[in-house]
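K.L.:
need the 3D shape of this:
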Amino acid sequence: MNVQWEYKTVMIKATGWFAGGKVDAEVMNDKLNALGSEGWELVCGFDTNKLYGETRDVVLIFKRPR
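P.N.:
Numbering: from 1, shown residues only. Okay, here's the model as predicted:
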C-alpha cells in the first residue's frame, strides 16, 4: 500500500518586542482546531528568531492523506 500525503505550512505571527514575541494562544488553538476538523494532523512546530532570540513567527507543519 502506497500512502501519499499532502502537506500544509502555517505561519502564526508573534507580537511584541520586549523579551521576545508572544503568540496569542487563542489564535493558535482556533487554527489548530480548524485544521484538525479538516483532517490535518500537526507534524512539527518551531519558531523563527530575530535578534537575541526574539520570536518572529511560529511555523506549523501539517499532513493528511491524499
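K.L.:
low-confidence ranges in this protein?
P.N.:
Residue ranges of the chain with pLDDT under 70: 1, 17-20, 52-55.
K.L.:
output the longest strand belonging to it.
P.N.:
Across the chain, the longest stretch assigned as strand under DSSP state E is strand 55-65.
K.L.:
residue contacts, the residue most central in space within the chain?
P.N.:
For the chain, the residue nearest the mean C-alpha position is residue 60 (2.4 Å; CA atoms, centre = their mean). When contacts are counted by CB atoms under 8 Å, 6 or more residues apart in numbering, residue 60 touches 9, 10, 11, 12, 31, 32, 42, 44, 45. Where C-beta positions appear, they are placed from N, C-alpha and C, glycine not excepted.
K.L.:
tell me the contacts of the fifth one?
P.N.:
Neighbouring residues of residue 31 by CB under 8 Å, 6+ apart: 10, 12, 60.
K.L.:
again, 7 Å this time
P.N.:
Contact analysis of residue 31 by CB atoms under 7 Å, 6 or more residues apart in numbering lists 10, 12.
K.L.:
and if you look at the last one?
P.N.:
Contact criterion CB under 7 Å, 6+ apart gives 58, 59, 60 as the residues in contact with residue 45.
K.L.:
which strand residues bridge the closest residue in space to residue 36 that isn't next to it in sequence?
P.N.:
The shortest distance from residue 36 to any residue other than its chain neighbours is 7.9 Å, reached at residue 42 (CB to CB, 6 or more residues apart in numbering). Beta-bridge partners of residue 42, counted by DSSP bridges, are residue 62.
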